[in-house]
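>>> Could you look at this predicted model? Sequence included:
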Amino acid sequence: MAENHNNPAASSVSAETAAPPPGILVSGHFNQAYGYQTNRSRGTKDWLIMFTLSGCGYYWHQDTMRHCSAGDIVLLPPGTPHNYGTPEGHVWEFVWAHFLPLPSWSEWLSPPQDKDALFLIHVESEAQRERIKGAFERMIRDSLESDFYRTRLALNAMEEILLLIGQQTNRKSVPLDPRVEQVLGFMEQHMKMRHTVEELAALVALSPSRLAHLFKQEVGESVMETLLRLRLRHSSRLLEHTTMQVGEIAEEVGFHSPFYFTKQFTAYYGKSPSHYRKTVRKAADEEEP
């Protein structure tokens, strides 16, 4: 993200931009030409996250104009002034969300020492960008619905984004081989597809045996074991937070036989899909005041 201390646009003063109505999650996808600008001198009471997909935008912050491009994420804590827009000669495409964090997210959203700080993260890996973009797309789609289960799915997607950012910024973590990341991202984004090691290996220009060895070395389990785990974990979220039938969920996550899905789910979770759904919903009802 480039910096500019003397950009003439920084001296322009725009009218205050209204903040979205307070709520647990509001999100969207913008494609804005030159002239777009948002100015909230006192920020908002919630967090704002913005992920640039293409083009160029700017953030005016503490006497510095910072430009962003594809792969840049900005995270603004509550009370941080908002002054951002599209510079002359550019179009800025980005996804965004205003959100109130759940208590369990606090470790990923530690308040900065400077109350007016903003977090700037650049996502280098193309596979990681696709994963974050996919999570945003699911969040935006689910947040448009007002029912309880869609809202929870949208929050799950927001949590996934924060986890991916945390993985990106945690210097102690060892990054995966980019080819393994790409395969993981592809399987997550195309869970309904039939996958083979041969086709996934061709995706990253490796032989099937080389991908199988590299994947097991990096992830700790085989490609097909990982795909099964991804499908089963996603199916558990759909059982918890939607009213989809078991057969519909099986198809949604890539099982073409409901019987085989039930068998694998029961082996993994120790409960059938129907029993699992009843158990988690009963526990949720008991937690309500």
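Arrived safely, thanks for sending. Numbers count the residues shown, from 1 in each chain.
>>> Select the longest helix from this protein.
helix 148-169 (DSSP state H).
>>> which other residues reach the helix or strand where residue 211 lies?
Assigned by DSSP states H and E, residue 211 falls within helix 208-219. Contacting residues not belonging to helix 208-219 are listed as 176-177, 179-180, 183-184, 197-198, 200-201, 204, 206, 222-223, 226 [C-beta atoms under 8 Å, 6 or more residues apart in numbering]. Every residue, glycine included, has its C-beta placed from N, CA and C.
>>> hmm, back to that, now the longest helix of the chain - C-alpha only, PDB.
Extracted in PDB, the C-alpha atoms of helix 148-169 (Å, rounded to 0.1, in the frame of the first residue of the first chain):
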ATOM      1  CA  PHE A 148     -31.700 -16.500  12.400                       C
ATOM      2  CA  TYR A 149     -29.900 -19.200  10.400                       C
ATOM      3  CA  ARG A 150     -28.800 -17.000   7.600                       C
ATOM      4  CA  THR A 151     -27.500 -14.400  10.000                       C
ATOM      5  CA  ARG A 152     -25.500 -17.100  11.800                       C
ATOM      6  CA  LEU A 153     -24.000 -18.300   8.500                       C
ATOM      7  CA  ALA A 154     -23.000 -14.700   7.700                       C
ATOM      8  CA  LEU A 155     -21.300 -14.400  11.000                       C
ATOM      9  CA  ASN A 156     -19.500 -17.700  10.400                       C
ATOM     10  CA  ALA A 157     -18.200 -16.300   7.100                       C
ATOM     11  CA  MET A 158     -17.000 -13.100   9.000                       C
ATOM     12  CA  GLU A 159     -15.200 -15.300  11.500                       C
ATOM     13  CA  GLU A 160     -13.500 -17.200   8.700                       C
ATOM     14  CA  ILE A 161     -12.300 -13.900   7.200                       C
ATOM     15  CA  LEU A 162     -10.800 -12.900  10.500                       C
ATOM     16  CA  LEU A 163      -9.200 -16.300  11.000                       C
ATOM     17  CA  LEU A 164      -7.600 -16.000   7.500                       C
ATOM     18  CA  ILE A 165      -6.300 -12.500   8.300                       C
ATOM     19  CA  GLY A 166      -5.000 -13.800  11.600                       C
ATOM     20  CA  GLN A 167      -3.200 -16.600   9.700                       C
ATOM     21  CA  GLN A 168      -1.800 -14.000   7.300                       C
ATOM     22  CA  THR A 169      -0.400 -11.700  10.100                       C
END
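>>> could you pull out the strands for the stretch 1-150 of the chain?
Applying DSSP state E, counting those that start in this stretch to the stretch 1-150 of the chain gives strands spanning 2-4, 25-33, 37-40, 47-55, 57-61, 64-68, 72-76, 82-85, 91-99, 119-122.
>>> Save the ones you listed as a markdown table, and put in mean pLDDT and distance to residue 155 too.
Compiled in a markdown table, these are given as follows (pLDDT from 0 to 100; distance: least, C-beta to C-beta, whole Å):
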| stretch | mean pLDDT | distance to residue 155 |
| --- | --- | --- |
| strand 2-4 | 54 | 33 |
| strand 25-33 | 90 | 6 |
| strand 37-40 | 91 | 24 |
| strand 47-55 | 94 | 13 |
| strand 57-61 | 88 | 26 |
| strand 64-68 | 85 | 26 |
| strand 72-76 | 92 | 17 |
| strand 82-85 | 92 | 23 |
| strand 91-99 | 94 | 8 |
| strand 119-122 | 84 | 20 |
